[in-house]
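Enquirer: I'd like to go over a predicted model; first the sequence, then the structure.
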Amino acid sequence: MTDRDPFTEGERAARDNIPAGANPYQDGSDEHALWSAGHEKVAGAMEARESEGS
């Protein structure tokens, strides 16, 4: 059985343009927070690159 890494899953979701609201973990759980942090890390970087290009 493979351990899931919520942070990495959140990063992958952001790269795949999956919205932050699609977080599959229970709100308030450690996994939910990790997934959100991973998503925000990638989504924030993507938004910064887009704003630099405009």
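Expert: That came in fine, so what should we check first?

Enquirer: which residue, other than its chain neighbours, is closest to the residue nearest to the spatial centre of the chain?
Expert: Central residue of the chain (Cα atoms, centre = their mean): His39, 1.5 Å from the mean position. Closest residue to His39 apart from its sequence neighbours, by Cβ to Cβ, 6 or more residues apart in numbering: Gly10 at 3.8 Å. Glycine gets a C-beta too; all of them are placed from N, C-alpha and C.

Enquirer: run through who's touching the strand or helix carrying the one you found.
Expert: Secondary-structure assignment from DSSP states H and E places Gly10 in helix 6-15. Around helix 6-15, the neighbours that count as contacts under Cβ atoms under 8 Å, 6 or more residues apart in numbering are 20, 22-25, 30-32, 34-43, 46.

Enquirer: can you tell me which helix or strand of this protein has the lowest average pLDDT?
Expert: The weakest-scoring helix or strand in the chain, judged by mean pLDDT, DSSP states H and E, is helix 30-53 (a mean of 91).

Enquirer: now it: how far from the chain's centre is it?
Expert: Put simply, helix 30-53 sits 6 Å off its chain's centre (Cα atoms, centre = their mean, to the nearest Å).

Enquirer: just the C-alpha atoms of it, please, in PDB.
Expert: Extracted in PDB, the C-alpha atoms of helix 30-53 (Å, rounded to 0.1, in the frame of the first residue of the first chain):
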ATOM      1  CA  ASP A  30      -4.100  17.800   8.800                       C
ATOM      2  CA  GLU A  31      -4.400  16.300   5.300                       C
ATOM      3  CA  HIS A  32      -6.800  19.100   4.200                       C
ATOM      4  CA  ALA A  33      -4.300  21.700   5.400                       C
ATOM      5  CA  LEU A  34      -1.400  20.000   3.700                       C
ATOM      6  CA  TRP A  35      -3.300  19.600   0.400                       C
ATOM      7  CA  SER A  36      -4.300  23.300   0.500                       C
ATOM      8  CA  ALA A  37      -0.700  24.400   1.200                       C
ATOM      9  CA  GLY A  38       0.600  22.300  -1.700                       C
ATOM     10  CA  HIS A  39      -2.100  23.700  -4.000                       C
ATOM     11  CA  GLU A  40      -1.500  27.300  -2.900                       C
ATOM     12  CA  LYS A  41       2.300  26.900  -3.400                       C
ATOM     13  CA  VAL A  42       1.900  26.000  -7.100                       C
ATOM     14  CA  ALA A  43      -1.200  28.100  -7.800                       C
ATOM     15  CA  GLY A  44       0.500  31.200  -6.300                       C
ATOM     16  CA  ALA A  45       3.600  30.600  -8.400                       C
ATOM     17  CA  MET A  46       1.500  30.100 -11.600                       C
ATOM     18  CA  GLU A  47      -0.400  33.300 -10.900                       C
ATOM     19  CA  ALA A  48       2.800  35.300 -10.300                       C
ATOM     20  CA  ARG A  49       4.200  34.100 -13.600                       C
ATOM     21  CA  GLU A  50       1.000  35.100 -15.400                       C
ATOM     22  CA  SER A  51       1.000  38.600 -13.900                       C
ATOM     23  CA  GLU A  52       4.700  39.100 -14.900                       C
ATOM     24  CA  GLY A  53       3.800  38.300 -18.500                       C
END
